[in-house]
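In: Test case, fold it:
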Amino acid sequence: MDAFPTYKAYTAMEVKFERACSQLTILNARIAETQLRYDRAASVNRRSFRYSLRIQLVELEGVRNMYYQYARAKAEELDSMKQQILQTL
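Out: The predicted structure follows:
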């Protein structure tokens, strides 16, 4: 009976974790696309394009790092909740 609220919180936390992981996938694809554009601009020596693309890359990498930290924290919370659920059963 005591495990039900914990299980409910576990499923809610799992949804948050899965959303963070899907956002990481999207961000990684966006970083790869921007990196490709940056490399093309570098190959033809377009400094004005390189500057703005480099700024975009830095911003995207910063956001990705924050999502990664968030997902890692949620994964640790999921592990502790899972152990707590298993102990009550």
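In: C-alpha from now on. contacts and neighbour counts both.
Out: Will do.
In: what distance separates whichever strand or helix holds residue 75 from the middle of the whole chain?
Out: Using DSSP states H and E, residue 75 maps to helix 47-88. Centroid displacement of helix 47-88 relative to its chain, using C-alpha atoms, centre = their mean, to the nearest Å, is 4 Å.
In: Then stretch 40-47?
Out: For stretch 40-47, the distance to the chain centre is 30 Å (C-alpha atoms, centre = their mean).
In: could we number from 48 for the rest of this?
Out: With the count now opening at 48, the last piece we talked about shows up as stretch 87-94.
In: For that stretch, measure first residue to last.
Out: 11 Å (C-alpha to C-alpha, to the nearest Å).
In: got the buried residues for that stretch?
Out: Neighbour-count burial for stretch 87-94 flags residue 88 (criterion: 16 or more other C-alpha atoms under 10 Å).
In: what pLDDT, on average, does it get?
Out: Computed over stretch 87-94, the mean pLDDT rounds to 96.
In: residues making contact with that stretch?
Out: 96, 97 (C-alpha atoms under 8 Å, 6 or more residues apart in numbering).
In: same question, stretch 59-67
Out: 114, 115, 117, 118, 121, 122, 125.
In: 7 Å - rerun?
Out: 114, 118, 121, 122, 125 (C-alpha atoms under 7 Å, 6 or more residues apart in numbering).
In: and those as TSV, adding pLDDT and neighbour count?
Out: Shown next, in TSV, are those (pLDDT from 0 to 100; neighbours: other C-alpha atoms under 10 Å):
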residue	pLDDT	neighbour count
114	97	19
118	97	20
121	96	18
122	96	17
125	94	19
